[in-house]
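>>> please work out how this folds:
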Amino acid sequence: MRSWAPLIIFGALAGLVAGCAGPGPEPAAPAAAPNISVSSSAFTDGGDIPRRHTCDGADVSPPLAFAGLPSGVRELALLVEDPDAPHGTFVHWVAWGIDPARAGLAEGERPPGSGTNGFGHTGYGGPCPPRGPAHSYVFTVYALSRPAGARAGASAADLRTAIDGAVLAKGTLTGRYARG
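Numbers count the residues shown, from 1 in each chain. Got it, this is the predicted structure:
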């Protein structure tokens, strides 16, 4: 009768040695998501937001232009936030339902989907920092593979949850504002 023990041991050792050879070639890194170009005729990236678009002026949203959208975009969403606020990031605008076939939003235009900002109302609430150094206001546009599906009055966190897994690309425009 023949013993299978040497064959079993040999097979186990061969598997162990093969496992020590390393994981093999690294998988290709996924391509980086494309960036959307976001701009405004009211201010340049890193520039000062005009008083008209703040709580000290007419408090209307600035005009925005979008370019470089990838194919397959079904909807755009928008968040405007002040990361320099004294008690953490302050939300100035939560919006979605923006038609990607359009080149942007006109001054004062309200997108179909509108969430609740940090002031407690829906729509745009312009920069209104405490007196002192300038704050940054980050306008982030998200290109989505499907409609956001957020509920009316959604918070920024609600919108982020709603668009999770649907962002094809995004872009930012940052403006600054200080109250003297």
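
>>> quick one: pLDDT of Arg102?
What the model reports as pLDDT for Arg102 is 89.

>>> who's the nearest residue to Asp84 once chain neighbours are set aside bridged to?
Distances taken as CB to CB, 6 or more residues apart in numbering put His135 closest to Asp84, at 4.0 Å, once the chain neighbours are dropped. Where you see a C-beta, it was placed from the backbone N, CA and C, and this is true even at glycine. Beta-bridge pairing for His135 (DSSP bridges): Tyr177.

>>> okay, helices next: where are they in this protein?
5-19, 156-163 (DSSP state H).

>>> least reliable of the ones you listed going by mean pLDDT?
Comparing the helices of the chain by mean pLDDT, the weakest confidence falls on helix 5-19, with a mean of 42.

>>> check contacts around Leu64.
With contacts taken as CB atoms under 8 Å, 6 or more residues apart in numbering, Leu64 has the following neighbours: 38-40, 78, 104-105, 139, 141, 173.

>>> pull the most distant pair out of those residues.
Looking at these by CB to CB, the two members farthest from one another are Ser39 and Leu78, with 13.6 Å of separation.

>>> the more surrounded of those two?
When neighbours are counted by other CB atoms under 10 Å, Ser39 and Leu78 differ, and Leu78 comes out ahead with 24 against 17.
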